[in-house]
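Asker: my questions are about this predicted structure, shown below with the sequence.
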Amino acid sequence: MTETALNFEKVWQLFQETDRRFKETDRKFQESQQAWDREFQESQRAWDRKFQESLRAWDHKFQESQRAWERRSQETDRMFRETDKKMRALEDLFVGQWGKLVESLVEGDLLRLLDDYGIRVYDTSTRRKGSRNGESYEFDIIAHNGEEIVIVEVKTTLRVGLVDKFIRQLHRAKRYLPEYRNHTAFGAVAYLRAEQASDQYAQNQGLFVIRATGDSASIINTRDFQPRRF
């Protein structure tokens, strides 16, 4: 074999060895790449599991916090309702007691006050209430003398709307109280405090207006006042 042939043979062997090494390197690289991919995917799955677990734990805590907040909100709302109920009860009691005081004060002076305006009643009835034909009624004070009656509505605070409501009751009074159907009926409002100029409004509607002050009561209508007949 010539020297040239020997050199070619060596080069060819070197080339084959180099190619084998490249293939071996490529195989190892592919194996490493596959192993890395498996590890990455496993890490990704583990991270996803932990993320989902954390998300579920966070959602559970959020739901529990939400339920706790709703429970506290409901409890607070219940406490407010109970407090409001108690406050209304106390207010009703306070207003009721003042109303009874004003009613007693007015009733004690009523005969004298009306006599000063030419209506000579001699007897009073209080808290006349009942129901007729499905309609309930209540009148605080009724002063009478056999021919005339004066129906008095007592309010701690007088308002225009209350005056209008009382006038509607006056129009139905003889239907509620048939024993007075032949009487001349007058109306009066008594109060401790008046809002919305309701005292003047009541006078304009033809009602006697009685103001309770201190330990007495007085009619504030002018002397030439002409009461309305109902």
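Answerer: In hand now; what should we look at? Numbers count the residues shown, from 1 in each chain.

Asker: C-alpha coordinates for the helix or strand harbouring Ala202, PDB please?
Answerer: Using DSSP states H and E, Ala202 sits in helix 198-204. Taking Å, rounded to 0.1, in the frame of the first residue of the first chain, the C-alpha atoms of helix 198-204 are listed here in PDB:
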ATOM      1  CA  SER A 198    -100.000  74.400  62.700                       C
ATOM      2  CA  ASP A 199    -101.600  76.400  65.500                       C
ATOM      3  CA  GLN A 200    -102.500  79.200  63.100                       C
ATOM      4  CA  TYR A 201    -103.600  76.700  60.500                       C
ATOM      5  CA  ALA A 202    -105.900  75.000  63.000                       C
ATOM      6  CA  GLN A 203    -107.500  78.400  63.800                       C
ATOM      7  CA  ASN A 204    -108.000  79.000  60.100                       C
END
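
Asker: what packs against that helix?
Answerer: strand 148-158, helix 160-176, strand 184-194, strand 208-213 (3 or more Cβ pairs under 8 Å, 6 or more residues apart in numbering; DSSP states H and E). Where you see a C-beta, it was placed from the backbone N, CA and C, and this is true even at glycine.

Asker: so how far is Gln74 from the most centrally placed residue in the chain?
Answerer: Geometric centre of the chain, nearest residue: Arg81, 8.7 Å, by Cα atoms, centre = their mean. Distance, Arg81 to Gln74, using Cβ to Cβ, to the nearest Å: 10 Å.

Asker: now list whatever residues contact both of these two.
Answerer: Applying Cβ atoms under 8 Å, 6 or more residues apart in numbering, one finds that no residue jointly contacts Arg81 and Gln74.

Asker: list phi and psi for Asn145.
Answerer: phi -140, psi 20 (degrees, to the nearest 10).

Asker: what about it, neighbour count?
Answerer: Asn145 has 15 neighbours, counted by other Cβ atoms under 10 Å.

Asker: quick one: it and Asp115 touch, right?
Answerer: No: with contacts defined as Cβ atoms under 8 Å, Asn145 does not count as touching Asp115, sitting 10.3 Å away.
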